[in-house]
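Undergrad: okay, here's the prediction I keep looking at, along with the sequence it came from:
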Amino acid sequence: MAAKELILCLSGALLRATSRPFSVGDWVEIGEIRGEVVDHDMLSTRIDAFPDDPGAFHRTGEVITVPNSLFLSTPIRRLSALRDEIVRTTSVVVDPPDLAPDAVRAAVEAAMAQAREAGAQWAGTPTIRYSTTDLGRLRVEATFASPAERVEAAQSAVTLAVLAALRPPARPAS
């Protein structure tokens, strides 16, 4: 059995060397494992893992050693193109505001401008979608491409700005 695994690992290394699906420093997804390739040799590849959340691209500190034999049976996705920008959708669910649909749209557009002024960075124009939940609440979804190192800050800024724009008016104290 050990000889079979050794031959499979060497065959996987040969496949990796000839097809060059990734190199050290690339972000990859091999089966369920996502992370940055930190080292590879004839028998295995070491990956600095990312969290299970598909939108998360920060290191967990866990280094996973993958046998090269896995390359013979598992698809390899190179994610390095996502390094520069990450597409993120953030949803904000609120009670329906007492506003006309055009006023809701204007409030959300103003909130997006406010988030950008507050330092949120994204490329292009975000896509804004409006829907309702099963409980009749308003769901506002904003999809945008942001630099990888700024995506969490942009998502938080958008969420807070939309919440502030659509919050119900303060009720006078009785």
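TA: Perfect, thanks for sending it. Keep in mind that what you see is a predicted model, and the values were worked out from it rather than measured.

Undergrad: which parts of the host helix or strand of residue 106 are buried?
TA: In the assignment (DSSP states H and E), residue 106 maps to helix 101-117. Neighbour counts over helix 101-117 (16 or more other CB atoms under 10 Å) mark 104, 107-108, 111-112, 114-116 as buried. (Glycine included, C-beta is placed from N, CA and C.)

Undergrad: helices and strands around it, which ones?
TA: Under the contact definition 3 or more CB pairs under 8 Å, 6 or more residues apart in numbering; DSSP states H and E, helix 101-117 sits against strand 123-132, strand 138-147, helix 151-166.

Undergrad: okay, the ones you listed in JSON lines with distance to residue 85, mean pLDDT and mean neighbour count next?
TA: Output for the helices and strands packed on helix 101-117, formatted as JSON lines (distance: least, CB to CB, whole Å; pLDDT from 0 to 100; neighbours: other CB atoms under 10 Å):
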{"stretch": "strand 123-132", "distance to residue 85": "6", "mean pLDDT": "86", "mean neighbour count": "12"}
{"stretch": "strand 138-147", "distance to residue 85": "4", "mean pLDDT": "86", "mean neighbour count": "19"}
{"stretch": "helix 151-166", "distance to residue 85": "8", "mean pLDDT": "88", "mean neighbour count": "20"}
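
Undergrad: out of the ones you listed, which is closest to residue 33?
TA: Residue 33 lies closest to helix 151-166 among these, at 21.4 Å (CB to CB).
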